[in-house]
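K.L.:
okay, sequence plus prediction incoming.
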Amino acid sequence: MPQKSTIAKLDPRIREEADRAVREGRATIDEIVGIIKGMGGEVSRSAVGRFVKGAREQMEKYRQAQEVAKVWVAKLGEEPQGDVGRLLIEMLRTVSFQTLSQLGDGEEAPDAMELMLLAKAMDHMAKASKAGVEQQQKVDELMRVRLAKAAAAVEKTGKQEGWSAESVERLKRDFLGITDAPPAGAQ
């Protein structure tokens, strides 16, 4: 297991101030070293440099993820029960499992709050997946009922108009996608 960074070993309030300085982009590496030392912490300039570099990389990844999320959310709004909704659930599942697999690889022990948020995200993901399946089942059942009614209407109209059974079956097959029997001439 890698050695814990000197930044991670700092008092939490000092580390939070260093984090804030990096997030806000208001300080250079030397200024962050000064902030840490001014608050009673001991850290090398190279450790702060590594910390700043890692933090900026994480912020860039986060920014990119937000941009991608905006596009997906827009698509999801257009078709919430479609392929995009299912894809988003799968993406969240993948991210969750990747995060879980990386928990033991880091310099620090996983934060209880991060674990709780990850568990909550996974719970929401499971509920969304279940809700999606239930919604699809309702839509499928509604479609079956409507198709059955339409097929009955075609048969009724066909009898009233004197259409052949073959014509009625062809209409049901071609327009409703219902096949009670193989098309005429089929083996």
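P.N.:
Now that the structure is in, tell me what you want to look at. Residues are numbered from 1 along each chain as shown.
K.L.:
what about the helices in the protein?
P.N.:
Assigned by DSSP state H, the helices in the chain fall at 12-24, 29-38, 45-78, 83-102, 112-161, 165-171.
K.L.:
by mean pLDDT, show me the worst of those helices.
P.N.:
Mean pLDDT across the helices of the chain is lowest at helix 83-102; the value there is a mean of 70.
K.L.:
picking up where we left off before, need the helices of the chain in TSV with distance to G177, can you?
P.N.:
Heads up, the C-betas are built off the backbone N, CA and C, glycines and all. Below are the helices of the chain laid out as TSV (distance: least, Cβ to Cβ, whole Å):
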stretch	distance to G177
helix 12-24	56
helix 29-38	66
helix 45-78	25
helix 83-102	20
helix 112-161	7
helix 165-171	11
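K.L.:
any chance of CSV for those helices, columns distance to T179 and mean neighbour count?
P.N.:
Below are the helices of the chain laid out as CSV (distance: least, Cβ to Cβ, whole Å; neighbours: other Cβ atoms under 10 Å):
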stretch, distance to T179, mean neighbour count
helix 12-24, 62, 15
helix 29-38, 71, 16
helix 45-78, 32, 13
helix 83-102, 26, 14
helix 112-161, 10, 12
helix 165-171, 8, 16
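K.L.:
out of these, nearest to I178?
P.N.:
Closest of these to I178 is helix 112-161, at 5.2 Å (criterion: Cβ to Cβ).
K.L.:
roughly how far does the residue at the greatest distance from the centre of the chain sit from I14?
P.N.:
Centroid-distance maximum for the chain: G162 at 54.7 Å, with Cα atoms, centre = their mean. Computed as Cβ to Cβ, to the nearest Å, the G162 to I14 distance reads 91 Å.
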